[in-house]
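**Q** Provided below for reference: sequence and predicted model.
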Amino acid sequence: MDLFFSYLIYFVLFSVSLAIIHLANSTLRSSSSKLPPGRTGWLVIGEILEFAFAARTGKPERFINDRMKKYSPEVFRTSLMGENMAVICGASGNRFVFSNEDKLVSSWWPSLIKKILYSPSLFDNPPKEDLMRPSSSVHEFLKPEGLKHYAEIMDMMARKHVDMYWNSKEEVKVYPLSKKYTFALSCRLFMNIEDPESVATISDGFAQIMAGFISLPINIPGTAFNHAIKARNNLHKEIGEIIRKRKKELTESSRDSDSDSPALDLLSRMLLMNSDENMEVPSEMEITNRITAMILASHETTSTAITFALWYLAEFPDVYDAVLKEQIKIAKSKGPEELLNWNDIQKMKYSWNVARESMRLASPSHGSFREAIADFTYAGFTIPKGWKIHLSVHSTHKNSEYFPDPEKFDPSRFEGKGPPPYTFVPFGGGPHMCLGKEYARMEILVFIHNVVTRFELEKVNPKEKITYNPAPTPVNGLPVRLHPHQM
């Protein structure tokens, strides 16, 4: 009984606090007639239920499109995650926000995500740099000049993955296997972790963290948020042990030979760069948070992109044949055991068009968020300082103004000059465009190469539905029948 009343008191206090915030926001809205048109929905929860319902039914664009039609095709107001939010729409909106980064707007992450990802100590003593922004070592790692050294590792791991989980199988589920591959690759490239047991432990922790991202921020036993916090603590402990072990290894080994290795993992690069450049060395907890954020950013979205590229390849035989032709030509130019290299990836032009069209129709991300750092006017409406801004891929990706017959799968849209500027934005844009774009491109294409050159794919359920949780997800995991090529 005592535990029940503790929960009840917590819930009442939480609800009253949010109600006060909502009342303050209502007062702000009534004091200005130039705010964007729209509605903030129900007290406390805003329009999150409408947003979630559209996503769950596989049509997240409905939430955006319905409000663009009702209020304004340029900008409308809503309330999500307890925040006043302006949704700025269309190519012109994307261009406006991307060109005003760190002038009128700055990057913003929901507090729920930060509470789950960050150690409490970082809230008490905030680091000088935003840990959600890539450090200089991450920049160097993700540059094309740096990535080209990892093509062979990606190909080697993709081959092993297909040998272990696809070969000799009549049927597989693409979605869970793509997640297994991308996560194992992240552990290898970011921390040089290959032991299956260690990878599984880290993967389980991330699964609980991801579940916490779509939960209420109530930290009481039994809630998804509480499970996520516990998983974060265990994960940070695991990564902290890896960091301490790596420091010892780097100290005891020849630094010259380690630093000369072009395919050094990200963690080792971070530790070596910090010492080599006489920089203020970040704490172990700061490094842990950066590694955690990198794995999070690279894993879920890329596995989703891989899944839907294979989804459409299984659905459209003519597209599959064109991709196969391109990939076989590359394979025949290699020796029997020769691995893919950076130059091979650059030849996969049609395959990348297929992947991009897949991301247009099933974008791994809903879009990005910003915070207004000054009052500004857009499309005749005032966006107050402190308001949050959402740029949704759904305002352009399936907009017939930019993509004729938008529901049709057509990789030729990306030939020549491709779509109009600021209309295809799965990686964002502007100064803060996703640094992992080239990493994702290479990872996706290497995986496509290893699957397509071995199998023809057939959907087990051609009418399988898609839900969003929050990324697009085949409800049955995309089971496919494998028809090996007779080489």
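**A** Ah, there it is.
**Q** can you give me the strands in the stretch 251-400 of the chain?
**A** Taking DSSP state E, counting those that start in this stretch as the test, the strands found in the stretch 251-400 of the chain are 367-372, 376-378, 381-383, 388-392.
**Q** ditto for the stretch 101-250 of the chain
**A** 105-107, 171-173.
**Q** ranking those by burial, who's on top?
**A** strand 105-107 (a mean of 19; mean count of other CB atoms under 10 Å). (Glycine included, C-beta is placed from N, CA and C.)
**Q** which neighbouring elements make contact with that strand?
**A** If you count contacts as 3 or more CB pairs under 8 Å, 6 or more residues apart in numbering; DSSP states H and E, strand 105-107 packs onto strand 367-372.
**Q** and the strand it packs on, average pLDDT?
**A** Mean pLDDT, computed over strand 367-372, is 94.
**Q** look up how far Ser178 lies from the residue most central in space within the chain.
**A** Centrality entry for the chain: nearest residue to the mean C-alpha point is Thr301, 3.9 Å, by CA atoms, centre = their mean. Thr301 is 11 Å from Ser178, where distance means CB to CB, to the nearest Å.
**Q** cool, and His227?
**A** 24 Å.
**Q** go on, Glu357?
**A** 18 Å.
**Q** which one, of the strands of the stretch 101-250 of the chain, ends up nearest to His394?
**A** Of all the strands of the stretch 101-250 of the chain, strand 105-107 sits nearest to His394, with 19.5 Å by CB to CB.
**Q** low-confidence stretches in this structure?
**A** Counting by pLDDT under 70, the chain contains low-confidence ranges at 1-33, 44, 121-135, 254-263, 274-282, 487.
**Q** in it, where's the longest helix?
**A** Looking across the chain with DSSP state H, the single longest helix is helix 284-315.
**Q** mind listing what's buried along that one?
**A** 285-314 (16 or more other CB atoms under 10 Å).
**Q** now it, how far from the chain's geometric center?
**A** Mean-position distance between helix 284-315 and its chain equals 6 Å (CA atoms, centre = their mean, to the nearest Å).
**Q** surely Ile389 meets Phe376?
**A** No. With contact defined as CB atoms under 8 Å, Ile389 does not count as touching Phe376 (10.1 Å).
**Q** now do the contacts for the closest residue to Arg244 other than its chain neighbours.
**A** Spatially, and ignoring its direct neighbours in sequence, Arg244 is nearest to Glu284 (7.3 Å; CB to CB, 6 or more residues apart in numbering). Counting by CB atoms under 8 Å, 6 or more residues apart in numbering, Glu284 touches 240, 243-244.
**Q** among the residues you listed, which one has the most neighbours?
**A** Counting neighbours by other CB atoms under 10 Å, Ile243 comes out on top of the contacts of Glu284 with 19 neighbours.
**Q** show me which of His227 and Ser178 is the more surrounded one.
**A** Ser178 (25 against 17).
**Q** buried stuff in stretch 343-359?
**A** Buried residues in stretch 343-359 (16+ other CB under 10 Å): 344-345, 347-348, 350-359.
**Q** for that stretch, the distance to its chain's centre please.
**A** Using CA atoms, centre = their mean, the offset of stretch 343-359 from its chain centre is 19 Å.
**Q** burial of Glu101, as a residue count?
**A** Glu101 - counted by other CB under 10 Å - has 17 other residues nearby.
**Q** okay, and the beta partners of it?
**A** Val105 (DSSP bridges).
**Q** between the strands of the stretch 101-250 of the chain, which gets nearest to Phe141?
**A** The closest of those to Phe141 is strand 105-107. By CB to CB, the value is 19.7 Å.
**Q** return the distance of the closest one from the chain's centre.
**A** Distance, centroid of strand 105-107 to centroid of chain: 18 Å (CA atoms, centre = their mean).
**Q** number of residues surrounding the residue lying closest to the residue nearest to the centre of the chain once chain neighbours are set aside?
**A** Of all residues not flanking Thr301 in the chain, Pro364 sits nearest, at 3.8 Å (CB to CB, 6+ apart). Using other CB under 10 Å, Pro364 has 22 neighbouring residues.
**Q** Pro364 contacts Ala309, doesn't it?
**A** No. Contact criterion CB under 8 Å: Pro364 and Ala309 do not qualify, at 10.9 Å.
**Q** re the thing from before, could I get the strands of the stretch 101-250 of the chain as a markdown table with distance to Val323?
**A** Listed next are the strands of the stretch 101-250 of the chain as a markdown table, based on distance: least, CB to CB, whole Å:
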| stretch | distance to Val323 |
| --- | --- |
| strand 105-107 | 35 |
| strand 171-173 | 19 |
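**Q** of these, which approaches Met270 most closely?
**A** Among the strands of the stretch 101-250 of the chain, strand 105-107 sits nearest to Met270 (CB to CB), with 20.9 Å.
**Q** quick one on the thing from earlier: identify the contacts common to Ile389 and Phe376.
**A** Contacts common to Ile389 and Phe376, judged by CB under 8 Å, 6+ apart, are Ile383.
**Q** more crowded one of the two?
**A** Per other CB under 10 Å, whichever of Ile389 and Phe376 has more neighbours is Ile389, with 23 against 17.
**Q** what's across from the more buried one in the sheet?
**A** If you apply DSSP bridges, the partners that Ile389 bridges to are Ala86, Arg370.
**Q** for Ile295, see how far away it is.
**A** Taken as CB to CB, the span from Ile389 to Ile295 is 27 Å.
**Q** ditto for Glu171
**A** Using CB to CB, Glu171 is found at 29 Å from Ile295.
**Q** which ones are touching His394?
**A** If you count contacts by CB under 8 Å, 6+ apart, His394 has them with 60-61, 63-65, 363, 366-367.
**Q** give me that answer again for 6 Å
**A** By CB atoms under 6 Å, 6 or more residues apart in numbering, the residues touching His394 are 60-61, 64.
**Q** quick check: closest non-adjacent residue to it.
**A** Closest to His394 by CB to CB, 6+ apart is Glu61, at 3.8 Å.
**Q** what's the one you found sitting at in phi/psi?
**A** With angles defined as degrees, to the nearest 10, Glu61 sits at phi -70, psi -20.
**Q** same check, this time on Leu457
**A** phi -110, psi 140.
**Q** so it touches Val480, yeah?
**A** Yes. If you go by CB atoms under 6 Å, Leu457 and Val480 touch, sitting 4.6 Å apart.
**Q** mutual contacts of those two, please.
**A** Ala314.
**Q** those two - which one has more neighbours?
**A** Using other CB under 10 Å as the criterion, Leu457 and Val480 rank with Val480 on top: 23 against 20.
**Q** quick check: that one vs Lys347, distance?
**A** Distance from Val480 to Lys347, by CB to CB: 26 Å.
**Q** and if you look at Glu443?
**A** Applying CB to CB, the value for Glu443 to Lys347 is 16 Å.
**Q** with Glu315 instead?
**A** Distance, Glu315 to Lys347, using CB to CB: 25 Å.
**Q** equivalent analysis for Asp318, please.
**A** 20 Å.
**Q** repeat that for Tyr175.
**A** Going from Tyr175 to Lys347 by CB to CB gives 28 Å.
**Q** what of Arg441?
**A** 13 Å.
**Q** and Thr78, by the same measure?
**A** As judged by CB to CB, Thr78 and Lys347 stand 44 Å apart.
**Q** same question for His149.
**A** 18 Å.
**Q** if I look at Glu458, how far off is Leu313?
**A** As judged by CB to CB, Glu458 and Leu313 stand 11 Å apart.
**Q** could you do Lys180 as well?
**A** Counting by CB to CB, the separation of Lys180 from Leu313 is 19 Å.
**Q** where does the residue nearest to Phe316 when sequence neighbours are not counted land in three-state SS?
**A** Leaving out its chain neighbours, the residue that sits closest to Phe316 by CB to CB, 6+ apart is Phe409, at 6.3 Å. Going by DSSP: H, G, I helix; E, B strand; the rest coil, the secondary structure assigned to Phe409 is coil.
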